[in-house]
Every structure is written in structure tokens, then in C-alpha cells.
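> I'd like to go over a predicted model; first the sequence, then the structure.
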Amino acid sequence: MTPLVRVVDASLGSDAQVKLVVSGLDDPDRLRAKWASSGATVERVGDRLHATSTVVALVRAAGRSMDRLRAERLRDCVVEAVDAWLEPAPTVVLGSRVARLGPMCQTMGIINVTPDSFSDGGLLYPQDHPGRAVERALDQHAAGAAIVDVGGESSRPGAAPVAVDDELKRAIPVVSALADRGVTVSIDTVKAEVADAAIAAGAQVVNDVSGGRYPELLEVVAASEAGYVLMHTRATPADMQRHTRYDDVVAEVYEFLADGLDRLEAAGIRRQRVIVDPGIGFAKALEHNLTLLRNLRQLRGLARPVLVGASRKTFIGALTNTDPGDRLEGSLAAAVVAAINGAGMVRVHDVAETREALEVATAIMRVGAGGAAA
């Protein structure tokens, strides 16, 4: 097994005590005994070790309790996780350019060219297709969207799959028109054929809500220079809400994404091309969505930018008793909390309003950290 470190709190810096969770251990009790003898507070919870410790104490304990190779892997893992927790969102490679998701959290605009999207089904399709969708996307781009995400298949809970030809007819004309106008486009799909056509039409990101389930899709991404969004989920949109049992949702999402990054590298997709997404609303109950947003910074330990898609989702409606079209205020609150807790990008329907909210939140956070307001 490969050790994995998740940072819970490193706000005092890497030289002070930090709160850590270590998983993926062959012998948790052996490390626990050596680690506790150094003065660290260590508790075993299932197969994970929860501790308050210095990084040096963990590295020394690993050296005394593991073989050299595993100890070195754990050392590298904890140093990288603590550094990533403290530093700004890392860059992501999109083709020939490097995109920086900071210092302000960026926005990804949503363009649903489907008749059955949960929030705007049929609004942009099929009426005046693709003209209306392209116009909306250009408005989002002008309002500051760093990426526009185009999807031709609904991924709402209970949604049925769409035939490849139908998804191609819906999405590719929009992707092509936007790429021709210089917009950075993401294709929201789980199908290799659609991803391949979208990349050929100019898409620079593949947003895969399957969690890397389909090897043929990963092959398409690996053969390209496109960026890739790795999202946590379970099952498929048709039945994912029957799979919402977690013992520790933050730990399980983190470990899924860490394993996914390894799987992507094995498939030929470099980590520098990957953005991670906790999958708000995908196989999650209300409390899971809230817990993930509250503890989002822990995902920064994966050393990849974090994308959050909470806009207009069901959990906001459950809290505010509103329909999808009336969830702007709740969506803005979720976006600001995500940004404060470490998100590098938020996927939203209302780009202009979200950008304004993030600008204010960023100014407040920078002044609090000793930086300039503007």
C-alpha cells in the first residue's frame, strides 16, 4: 500500500504542529506507536491515523517503523501536502499554455445545451441552436469566465443517458463557435467520441463527471493536450443518489481523488493537466455537501487546483426552499465559502454576479492577510 497524507490544519506553518490524517498504511499500529513516542497525539480511527504533530516527528517515526522506500514516500507525501495546503492554487497546463487559478478564485460558466437540465432545461436548446447558447456563452466570457463548460447531456440526479449522435449534435456546434472566438472551452461529457470531437473543434478541457470510470475517454484525453477535471462520484447520474452512505465523506472523497490522480498518470495524463472536483451533489446527501464545502481546503493537499460546482444545486434549494431559478443568493454564498476555503475555480450559472462577490471576498481576505485591497 502507498501511504497518503491529508492535511486537516496547517495554518501555523510547516514548522509548527499540524493536524494530519494518514491512510494507506500496511501496519497503522506500528507507525502509531513510534509516532506517539515522539510526543505526537495520535489516534487510530479505522485504518487511518489522526494526529497532531510536527512534520519532522512524522518523518522520523516513518523512518523507524517502515522500510526505506515506504518511509521516503510518506516523507514526500507529507511535505507536498503541507506545502500545497499553505500555497496558492497551483497552475494547470491547458495545451501549450499554463493557466493560473489565482490569486482570486476563477469562474467557469455553465452552458447546458440539453432539454432536461435541472436548472435551465430547454432554455438554450433547441431554440435557435446553436445561436442562443453561443450568445449566452459569449456573455459569460465577457463577464470574466475563465472557462466556459459546454454540456450536451444532463447529469442531474435521475437523468437518463443520451445517444452519442444526439450529444454531438447538441454540443459540438457550440464548442466550435466559441473556440473560433477565442473562448477557452470545456466539454462536459463522459463519452470518448464526444470528447474527441470537442477537442478537435477546439475544446481545451474535458470535464468528466464519471470520475474517470471509462478507459476509452482517458485514452482520448491522454492522446491530446487537453486539461482534465477529475470529479468524485459514485455509480451514474441515473442512480447515484442511492449511493450516499459514507463513514467519513472528506476522507473518502480525498482518497478517491488521490487514487484517481494515480490512475490518470498510469493512463498517460500528467498531474499538471488535472483539476480535482469533490462532486457537490453527486452521490451526496445534504450534510455531505455542507461538510465538503466546510473542509474544502483539505483537498488542496492533493497539490491540484480544486473546482467546485455548487451553483443552483438541490442542497441550496433544501436550505432556502427555492426553485433552481431562484437560488442566486444561495449559490453566491456557496461560491464565496468555496473560495475562502481554497477553491481555485467555481462552476456557476451566474458569472457576472459571482465575479463581483468573489472580488469583494478576495479584497477582504487579502487585507486580512496583510495584502493590498486592490
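Thanks, I have it. Worth saying up front: this structure is predicted, and the values here are computed from it rather than measured.
> buried set for the helix or strand encompassing Ala198?
Using DSSP states H and E, Ala198 falls within helix 192-201. Across helix 192-201, burial judged by 16 or more other Cβ atoms under 10 Å covers Ala192, Val194, Ala195, Asp196, Ala197, Ala198, Ile199, Ala201. Every C-beta, even on glycine, is put in place using the N, C-alpha and C of the backbone.
> redo those residues as a markdown table? Include pLDDT and distance to Val348.
Listed next are those as a markdown table, based on pLDDT from 0 to 100; distance: Cβ to Cβ, whole Å:
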| residue | pLDDT | distance to Val348 |
| --- | --- | --- |
| Ala192 | 98 | 27 |
| Val194 | 98 | 23 |
| Ala195 | 98 | 23 |
| Asp196 | 98 | 27 |
| Ala197 | 98 | 26 |
| Ala198 | 98 | 21 |
| Ile199 | 98 | 24 |
| Ala201 | 98 | 24 |
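> report the two of these separated the most.
Farthest-apart pair in the buried residues of helix 192-201 is Ala192 and Ala201; separation 14.9 Å (Cβ to Cβ).
> wait, doesn't Pro90 sit right on Arg304?
Yes - under the criterion of Cβ atoms under 8 Å, Pro90 makes contact with Arg304 at 6.3 Å.
> and these two? which has more neighbours close in?
Arg304 (24 against 19; other Cβ atoms under 10 Å).
> now do the SS call for Arg312.
Three-state call for Arg312 (DSSP: H, G, I helix; E, B strand; the rest coil): coil.
> now it. Its backbone dihedrals?
Dihedral angles of Arg312 (phi, psi; degrees, to the nearest 10) stand at phi 60, psi 20.
> what do you get for Glu265?
Torsion angles, degrees, to the nearest 10, at Glu265: phi -60, psi -40.
> tell me how many other residues crowd it.
Counted with other Cβ under 10 Å, residues neighbouring Glu265 total 13.
> low-scoring stretches of the stretch 101-250 of the chain, by residue?
116-121, 156 (pLDDT under 70).
> 90 - rerun?
Along the stretch 101-250 of the chain, the model assigns pLDDT under 90 to residues 101-103, 115-129, 154-161, 235-243.
> redo the buried residues of helix 192-201 as TSV? Include distance to Ala61.
TSV is the format used below for the buried residues of helix 192-201 (distance: Cβ to Cβ, whole Å):
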residue	distance to Ala61
Ala192	45
Val194	48
Ala195	44
Asp196	48
Ala197	52
Ala198	48
Ile199	46
Ala201	52
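> between those residues, which is closest to Arg294?
Nearest to Arg294 among these, counting by Cβ to Cβ, is Ala195 at 32.8 Å.
> contacts only, for the closest one.
Ile187, Thr189, Ala203, Val206, Asp208, Leu217, Val220, Val221, Ala226 (Cβ atoms under 8 Å, 6 or more residues apart in numbering).
> so which of the residues you listed belong to strands?
Those of the contacts of Ala195 mapping onto strands are Ile187, Val206, Asp208, per DSSP state E.
> and the second one, how far from Glu193?
To tie it back to what came earlier, the one meant is Val206. Applying Cβ to Cβ, to the nearest Å, the value for Val206 to Glu193 is 12 Å.
> ok, now the first one?
Distance, Ile187 to Glu193, by Cβ to Cβ: 11 Å.
> now the residue nearest the centre of the chain: closest residue in space that isn't a chain neighbour?
Nearest to the geometric centre of the chain sits Asp277, at 1.6 Å (Cα atoms, centre = their mean). Nearest residue to Asp277 in three dimensions, chain neighbours excluded: Met231, at 3.9 Å (Cβ to Cβ, 6 or more residues apart in numbering).
> and Met1, by the same measure?
Gly24 (4.7 Å).
> tell me how many other residues surround that neighbour.
Neighbours of Gly24 under the rule other Cβ under 10 Å: 19.
> how close does it sit to Cys77?
Between Gly24 and Cys77 the computed distance is 9 Å (Cβ to Cβ).
> equivalent analysis for Thr2, please.
According to Cβ to Cβ, Thr2 and Cys77 sit 8 Å apart.
> repeat for Ala84
Distance, Ala84 to Cys77, by Cβ to Cβ: 11 Å.
> ditto for Ile172
Computed as Cβ to Cβ, the Ile172 to Cys77 distance reads 41 Å.
> show me where the stretch 1-150 of the chain has helices.
Ranges of helices within the stretch 1-150 of the chain are 28-36, 55-65, 68-86, 131-142, based on DSSP state H, counting those that start in this stretch.
> save those helices as TSV, and put in mean neighbour count too.
Output for the helices of the stretch 1-150 of the chain, formatted as TSV (neighbours: other Cβ atoms under 10 Å):
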stretch	mean neighbour count
helix 28-36	18
helix 55-65	20
helix 68-86	18
helix 131-142	19
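> now these in TSV, with distance to Ser96?
Listed next are these as TSV, based on distance: least, Cβ to Cβ, whole Å:
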stretch	distance to Ser96
helix 28-36	43
helix 55-65	36
helix 68-86	25
helix 131-142	20
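> residues touching the residue nearest to Asp277, list them.
By Cβ under 8 Å, 6+ apart, the contact set of Met231 is Asn207, Asp208, Val209, Ser210, Gly211, Val276, Asp277, Pro278, Gly279, Phe282.
> unless I'm mixing things up, the second one is touching Ala226, no?
The one in question is Asp208. No - Asp208 lies out of contact with Ala226 (Cβ under 8 Å); the separation is 10.7 Å.
> which of those two has more neighbours?
The residue with more neighbours, out of Asp208 and Ala226, is Asp208; 25 against 22, by other Cβ under 10 Å.
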